[in-house]
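Trainee: okay, here's the prediction I keep looking at, along with the sequence it came from:
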Amino acid sequence: MREELLHLLENNGRLSTEDLAAMLGTSQEAVEKEMAELEASKVICGYRASVDWDKTDEEYVSALIGVKISPQRGQGFDKIAMRISRFDEVKSVHLISGSGSDLILTIEGKTLRDISQFVYNKIAPLEAVVSTATYFVLRKYKENGVILGEEKDIDERIQIMP
Amino acid sequence: MKSYNEVAVGLKPSGIRKFFDIVSEMPDAISLGVGEPDFETPWHIAEEGIYSLEKGKTFYTSNSGLKELRQELAKMYSRKYHVDYDPLHECLVTVGGSEGIDLALRALCNSGDEVIIPEPCYVSYKPCAELIGATPVTIDLQEKNNFKLTEEELRAAITDKTKILILAFPNNPTGAIMTKEELEPIAKVCIEKDIYVLTDEIYAALNYGKNEHCCIASLPGMKERTIVINGFSKAYAMTGWRLGYAFAPAEICGLMTKIHQFAIMCAPTTSQYAAVEAVKNGDADIERMRVSYNERRRYLVKKLNEIGMPAFEPEGAFYIFPSIQRFGMTSEEFATRLLKQEKLAVVPGTAFGDSGEGFLRISYAYSMDRLKDAMGRIEHFISTL
């Protein structure tokens, strides 16, 4: 049941434990217990709304930053990656394979200037950082498995069919 | 003007026509009446169809269908259902499962032959039999048997004129399935009485029981008297592509192909290319959708039983068939009042045969939000009775 529960919640974090229990064919208590365990062990890292900020009046810019690192003896990439991860502006940090960059960061801010200042002032000067490359996001087409900007789903099926 | 074909004129219109008309006049009504998946065709499958068009593959295929597709289908049936078919002589690609049903009956039945049709069931078997002058003989399946066909019921329906039995499990509208153990006595009777079986397995991939769907052709002595009908609509969410397939012994398959050749020529080429990708690489899609249907199925079984519309647990397809007998109304009255009062459309069981009286067909090929909304409406409706 654990994996199926996780898939359901990953897809819709707002399902009630009552509905989850019915869908999984188990009791509400069992679902609550399982979720508590998953939360405690940080398998479930949170529940949040997936927001398309482009549809709001809020000023919003994001960028992907490639960061080339010179790994430190005994610590590899972990120490510098953790240090970068602690900035609130940094939304995600991934260590990647392939040439070019070692880390890919996602950074969010209100303006292009916010982001370039942040990279210039906070990321580039770090001792282990060899170089950075900033890729501003011009438009998001798909986020968290959802295609953005599409019309609301309309059920085009014939309503009554044998 | 001269008169029209008497059989066509005499066919009863589908029992759901009236509901369809009311629903289409009610823009704010919601429906649990569809007969197709709520998923779109998985993109890697649709994309193969598009690619085939880009490559200019816009010509007829052979009458039987793309060889590669038939080979993949034969492999799939062998792997999943343990029946081996020769893809070149025992497989035909059709326009939906529906065409296969029509072809099989045309290939086998003479005027006056009897076709045994256990009801409730999908609506096309009876008219297809009537259109070729065969006589439909219906069996009223019983709720107490979970709408499965029993040996006794079958024996009672067989006469000297019986040609073929139609089996449709997992079943639309009841969601019933039949296991290997339950099919064995049926197979025994078919062999003993020398009758053919048309098994409509369009919902075979949507099976929530402990075991994989059992194809009756896999039982000893059955392959030579069985025509398997299946398709891409339900398993791969490809209803609009209109693509199905049939497996049958070479002689029968040859007859079906001959009729298909004159009536249809070949199934749509674009759909066939998409289908090759579906059979080759679509198992994960089937499983993803099956898991999702299963979650909604469990939710509905629990909810309907809680609110006083008892339903036996369906183990296949995406329908549930709750009883409304305790409310003292016919299925049609109940469904009509539910639609008018709560603006919720479901299909009366009688649309699928007389033995559907006292039941409703509810489809769970809908989002959880829709299902919850609908259960709220049914609960409210019951509280007003």
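Mentor: Received, thanks.
Trainee: domains in chain A, by residue range?
Mentor: Split into domains by automatic domain parsing, chain A comes to A:2-40, A:53-139.
Trainee: enumerate the residues of chain A near chain B.
Mentor: Applying CB under 8 Å from any CB of the partner chain, we find that chain A lies next to chain B at A:4, A:7-8, A:12, A:15, A:19, A:22-25, A:155, A:157-162. In short, each C-beta sits where N, CA and C put it, glycine included.
Trainee: just the buried residues from those, in PyMOL please.
Mentor: The PyMOL command for the buried members of the residues of chain A next to chain B (criterion: 16 or more other CB atoms under 10 Å in any protein chain shown) is given here:
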select buried, chain A and resi 4+8+15+19+22+23+24+157+159+160+161+162
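Trainee: residues contacting the closest residue to B:L344 other than its chain neighbours?
Mentor: Counting by CB to CB, 6 or more residues apart in numbering or on different chains, the nearest residue to B:L344 once its immediate chain neighbours are dropped is B:R377, at 4.5 Å. With contacts defined as CB atoms under 8 Å, 6 or more residues apart in numbering or on different chains, the neighbours of B:R377 are B:30, B:338, B:342-344.
Trainee: I'd like the distance from the helix or strand containing B:R377 to the chain centre, please.
Mentor: B:R377 is part of helix B:368-383, with elements assigned from DSSP states H and E. Distance of helix B:368-383 from the chain centroid (CA atoms, centre = their mean, to the nearest Å) equals 26 Å.
Trainee: that helix: which residues count as buried?
Mentor: Applying 16+ other CB under 10 Å to helix B:368-383 flags B:368, B:370-371, B:374-375, B:377-379, B:381-382 as buried.
Trainee: try stretch A:27-45
Mentor: By neighbour count on 16+ other CB under 10 Å, the buried set for stretch A:27-45 is A:31, A:34-35, A:38, A:44.
Trainee: that older thread, from the buried residues of helix B:368-383, which is closest to chain A?
Mentor: Chain A has its nearest neighbour among those in B:M368, at 6.8 Å by CB to the nearest CB.
Trainee: quick check: the closest one vs A:A30, distance?
Mentor: Distance, B:M368 to A:A30, by CB to CB, to the nearest Å: 19 Å.
Trainee: got it, and B:G356?
Mentor: For B:G356, the distance to A:A30 - CB to CB - is 36 Å.
Trainee: swap in B:L32?
Mentor: Going from B:L32 to A:A30 by CB to CB gives 28 Å.
Trainee: same deal with B:W241?
Mentor: From B:W241 to A:A30 the distance is 41 Å (CB to CB).
Trainee: same deal with B:T257?
Mentor: With CB to CB as the criterion, B:T257 and A:A30 are 54 Å apart.
Trainee: circling back to that earlier point, ok, of the buried residues of helix B:368-383, which one's closest to B:K57?
Mentor: Nearest to B:K57, judged by CB to CB, of the buried residues of helix B:368-383 is B:R370 at 37.8 Å.
Trainee: pull the helix or strand with minimum mean pLDDT from chain A.
Mentor: Least confident element among the helices and strands of chain A, by mean pLDDT, DSSP states H and E: strand A:146-147 (a mean of 87).
Trainee: what does it rub up against?
Mentor: Contact with strand A:146-147 is made by A:50, A:141, as judged by CB under 8 Å, 6+ apart.
Trainee: likewise stretch B:299-315?
Mentor: By CB under 8 Å, 6+ apart, stretch B:299-315 touches A:19, A:22-23, B:143, B:146-147, B:170, B:174-177, B:207-209, B:297, B:320-324, B:326, B:360, B:362, B:364, B:368, B:371, B:375, B:378-379, B:382.
Trainee: show the buried residues in those.
Mentor: Counted by 16+ other CB under 10 Å, those give A:19, A:22-23, B:143, B:146-147, B:170, B:174-177, B:207-208, B:297, B:320-324, B:360, B:362, B:364, B:368, B:371, B:375, B:378-379, B:382 as buried.
Trainee: strands along chain B, start to end?
Mentor: Ranges of strands in chain B, per DSSP state E, are B:30-31, B:91-94, B:114-119, B:135-140, B:162-167, B:196-200, B:226-231, B:244-247, B:319-320, B:344-345, B:347-348, B:360-363.
Trainee: could these be laid out in JSON lines, adding mean pLDDT?
Mentor: Shown next, in JSON lines, are the strands of chain B (pLDDT from 0 to 100):
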{"stretch": "strand B:30-31", "mean pLDDT": "93"}
{"stretch": "strand B:91-94", "mean pLDDT": "98"}
{"stretch": "strand B:114-119", "mean pLDDT": "98"}
{"stretch": "strand B:135-140", "mean pLDDT": "98"}
{"stretch": "strand B:162-167", "mean pLDDT": "98"}
{"stretch": "strand B:196-200", "mean pLDDT": "98"}
{"stretch": "strand B:226-231", "mean pLDDT": "98"}
{"stretch": "strand B:244-247", "mean pLDDT": "98"}
{"stretch": "strand B:319-320", "mean pLDDT": "98"}
{"stretch": "strand B:344-345", "mean pLDDT": "96"}
{"stretch": "strand B:347-348", "mean pLDDT": "95"}
{"stretch": "strand B:360-363", "mean pLDDT": "97"}
